[in-house]
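>>> Quick one: sequence and predicted model below, then my questions.
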Amino acid sequence: RRELEERIAGEIDALLATVNPDGQEVVTEDALAGLPEPVGRWLRWSGVVGKKRPATVRLRQSGELRLGNSGWFPFVAEEYFTIDPPAFIWAARMTMVPGVTVIGRDRLVDGEGSIEMRLLGLVPVARDTGPEMDRGALLRYLNEIMWFPAAALSPSISWEAVDSDSARATITHAGVSASATFRFDRDGRLTDMVADRYDREAVRVLP
């Protein structure tokens, strides 16, 4: 368990070392000029104008996760993001019963997605890599910019107007792309995000 936790911590350190947190540009109205109107409305509502774009983001989470057909289990996690380039590491600990935990991480680094979860840090319960994971991880990143909206201005993300309350985002990095449609209310709040999985099965992820 300690070895796995130390390896994940090393991956997080390596990820954060790839960016310079200093010298981030302040978001201006001019930066929003080329965006579809509902995206600009979202960014104004979220309060990013007049503030620096973040270089990195850390989230702390708690809740329940479903593990296969075994049911729902409590978990705690920390997730680390970089904006340019787009990347994340989600490090989680799930409690099966007192004293029995599943430890692991989900990540997108250098355009490659992978997941590794181990019971007691030893027995693999989830592990996967490959092109499908790459696209899935990139789509997860795109969905999670709801927590740090200034990332919508990243050069890795392009926007296309759909209608007065929605726009389609495409994120491309290291030769991999993923797209989703974001929907907003009239005030600029993000209300929905709809995408197609790599197998074309519709998936809906709500904020």
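Ah, there it is.
>>> hey, let's count contacts and neighbours off CA atoms from now on
Noted.
>>> all helices for the protein, in order.
With DSSP state H as the criterion, the chain has helices at 2-16, 37-46, 131-144.
>>> And the shortest one, what's buried?
The neighbour-count criterion (16 or more other Cα atoms under 10 Å) identifies 37, 38, 39, 40, 41, 42, 43, 44, 46 as the buried residues of helix 37-46.
>>> go on, stretch 109-125?
For stretch 109-125, by 16+ other Cα under 10 Å, it's 109, 111, 112, 113, 114, 115, 116, 117, 118, 119, 120, 121.
>>> with those residues in mind, which one is nearest to residue 178?
residue 111 (11.2 Å; Cα to Cα).
>>> Is it possible to get TSV of the buried residues of helix 37-46 that adds distance to residue 6 and pLDDT?
As requested, the buried residues of helix 37-46 are arranged in TSV below (distance: Cα to Cα, whole Å; pLDDT from 0 to 100):
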residue	distance to residue 6	pLDDT
37	45	97
38	43	97
39	40	98
40	41	97
41	42	97
42	39	98
43	37	98
44	40	97
46	36	97
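>>> Which two among those are spaced furthest apart?
37 and 46 (14.3 Å).
>>> got a list of what the residue nearest the centre of the chain touches?
By Cα atoms, centre = their mean, the chain has its centre lying nearest to residue 141, at 2.6 Å. Contacts of residue 141 were listed using Cα atoms under 8 Å, 6 or more residues apart in numbering, and they are 86, 87, 88.
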